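**Q** Here is the input, now give the coordinates:
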Amino acid sequence: MTQSSHSHELPPQVVILDMLLGMMKTQAIRQAVLLNLAERVKDGPRSVQDLAEETHTHPTSLLRLFRALESLGFFQETEVGSYEQTSLSYFLRPGVPGSMYDATLIHGETWQWRPWEAMSYSMETGATAFDHLFGTPLFDHLAQYPEQAEVFHRAMVGLTAQADGPIAQGYDFGTFSTLVDIGGGYGRMLTAILRAHPQLHGILFDLPNTIDDARSQITSLDIADRCQLVAGDMFKPETIPHADAYIMRQIIKDWSDEEAVRILSNCRQAMNPGGRILVTEQVVLPGQHMSATKLIDLQLMVVLSGQERTEPEYRALFEAAGLHLAHIWPTRSPYSVLEGIV
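**A** Now for the predicted structure:
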C-alpha cells in the first residue's frame, strides 16, 4: 500500500463509528417516510417552517432531521431553511417505480426492531429471537395484523421488482409448458416470465388470502388467459398442482433446513416427469462480498427460522429432497436460478 493511498483512507475508528450509527440512519430515514417528506417536496423546494405546520412537527426538530438526511444524500438545502428533492429522496415517495417507501417502513417496525435487541438469545440458543419475544412465528404474527402484513408484502414486492425482468430473461423457460410460481404473491415475477415466453402457461400458487388479493390484479393483465390462480399451502403436498416446473423466489431462505427440504420434496412429488425445480435466491459468496446479503442472513436468524446459503448448502438441501443441483444460472440481478432435477 502506498503512502498516498493510505492518506486517503479514513481512520478505522471513523469507519467503525459510521457503522455503529446505522440504527440512527434507519430511524431518520423512516421518520422521513412517516412524515411523507419526499412526497411533500415533489413539486419543488419547501420551507421547513411550512412543512412543520403541515406535518404538525416541531420546526427546529424537523430542521435537524433535514440536516441529518441531507448528510446522507436525502434532500438538499436550496436556501436557508428550505429543501428540495434529490435522486435518493425521490425513492422515498410511495408508488414511484423502484420505490423504497414500504421497505423503509418495515425496517423500523417494532416487530423487526425488537428481535435485534434479543440477538444474544439467538446466538446462545440457535432459536429465533422473534418467536421468543412475541410467542409466535413471524408469519403467524402478521396474520393477526392485516395492515402490517400488507405493508410487509408491498415491501417485498418493491425490493424484488427490479429483478423480475432479469430473472425472466436469465433462464430458458421456453422448454416448459406449465410453470408454477410457489408463494408467488401478486404474481409480478410470473407475469414478467409469461410476457417473455408467450408459449408458457403459468400457475400462481399461494395462500388463499393472497390469491384473493392477487385475482383482481392478474385478471386485468394481458397474460390473464395464460395464468391460473391456485390457493394452497406449500407444506401440504396435496394442494400443489402438477406442472413441468416450479419456481420460488425468496421462499427457501425464509425457512429452516428441515422446512426447506419439505417444500422442495413436496414440489418434487407434484412435478411432471423430467421437470425442474427452480430456486431463485442470492447465493452467498465467501470473503468480503455481498455484505448486505450476509446482514440479511442475521436478520433471518433473529426474525425467522431461515438463512441465506452458500452453493454447498443449497446442494445439500436439494440432495436431502431427492434432487440434484444441476446448474446455477446467474442473472443480471443479485439473484441466481438454481436448477434442480430428479
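
**Q** count of residues packed around P208?
**A** The local packing of P208 (other C-beta atoms under 10 Å) involves 11 other residues. All C-beta atoms are positioned from the backbone trio N, CA, C, and that covers glycine.

**Q** Domain map for the chain?
**A** As assigned by automatic domain parsing, the chain contains the domains 3-92, 158-286+301-341.

**Q** Please tabulate these in a markdown table, including the columns distance to P137 and mean pLDDT.
**A** A markdown table is the format used below for those (distance: least, C-beta to C-beta, whole Å; pLDDT from 0 to 100):
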| stretch | distance to P137 | mean pLDDT |
| --- | --- | --- |
| domain 3-92 | 24 | 94 |
| domain 158-286+301-341 | 7 | 96 |
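
**Q** Between the ones you listed, which one is closest to E147.
**A** Among the domains of the chain, the nearest to E147 by C-beta to C-beta is domain 158-286+301-341 (13.4 Å).

**Q** and T293, what element?
**A** helix 291-303 (DSSP states H and E).

**Q** From the contact counts, what lies against that helix?
**A** The contact analysis (3 or more C-beta pairs under 8 Å, 6 or more residues apart in numbering; DSSP states H and E) places helix 291-303 against helix 110-117, helix 119-125, helix 129-134, strand 283-284.

**Q** quick one: the third one to chain centroid distance?
**A** In other words, helix 129-134. Here helix 129-134 is found 21 Å from its chain centre; the criterion is C-alpha atoms, centre = their mean, to the nearest Å.

**Q** Other residues contacting stretch 211-219?
**A** Contacts to stretch 211-219, defined as C-beta atoms under 8 Å, 6 or more residues apart in numbering, come from residues G185, Y186, G187, T191, L204, D206, A224, C227, L229, V230, A231.

**Q** Now with 10 Å, please.
**A** If you take C-beta atoms under 10 Å, 6 or more residues apart in numbering as the criterion, stretch 211-219 is touched by 150, 153, 184-188, 190-191, 202, 204-206, 224-225, 227-232.

**Q** what comes up buried for it?
**A** Taking 16 or more other C-beta atoms under 10 Å as the basis for neighbour counts, the residues of stretch 211-219 that come out buried are I211, A214, R215, I218.

**Q** now do stretch 112-121
**A** Using 16+ other C-beta under 10 Å as the test for burial, stretch 112-121 gives Q112, P115, Y121.

**Q** still on that earlier bit, ok, the buried residues of stretch 211-219 vs G22, which is closest?
**A** Nearest to G22 among the buried residues of stretch 211-219: A214, at 34.7 Å, using C-beta to C-beta.

**Q** Secondary structure element holding that closest one?
**A** Under the criterion of DSSP H and E, A214 resides in helix 208-218.

**Q** after that helix comes which helix or strand?
**A** Elements were assigned by DSSP H and E; along the chain past helix 208-218, the next helix or strand is strand 227-231.

**Q** Which other helices and strands does the helix or strand just after that next one contact?
**A** Of the helices and strands lying after strand 227-231 in sequence (DSSP H and E), the nearest is strand 243-249. Using 3 or more C-beta pairs under 10 Å, 6 or more residues apart in numbering; DSSP states H and E as the contact test, the elements touching strand 243-249 are helix 164-170, strand 178-182, helix 188-196, strand 201-206, helix 257-270, strand 271-281, strand 336-341.

**Q** Indicate which one of these is closest to L133.
**A** When the helices and strands packed on strand 243-249 are ranked by distance to L133, counting by C-beta to C-beta, first place goes to helix 257-270 at 20.5 Å.

**Q** ok now the closest one, how far from the chain's centre?
**A** The offset between the C-alpha centroid of helix 257-270 and the centroid of the whole chain comes to 22 Å, using C-alpha atoms, centre = their mean.

**Q** Check which helix or strand the residue most central in space within the chain maps to.
**A** Per C-alpha atoms, centre = their mean, the C-alpha nearest to the average position across the chain is that of M156, at 4.1 Å. Under the assignment given by DSSP H and E, the secondary-structure element containing M156 is helix 146-160.

**Q** now the helices for the stretch 1-150 of the chain?
**A** Defined through DSSP state H, counting those that start in this stretch, the helices belonging to the stretch 1-150 of the chain, from first to last, are 3-7, 12-20, 22-34, 37-40, 48-55, 59-71, 101-106, 110-117, 119-125, 129-134, 138-143, 146-160.

**Q** if you compare those helices, which one is most tucked away?
**A** Taking mean count of other C-beta atoms under 10 Å as the contact definition, the stretch among the helices of the stretch 1-150 of the chain with the greatest mean neighbour count is helix 37-40, which reaches a mean of 21.
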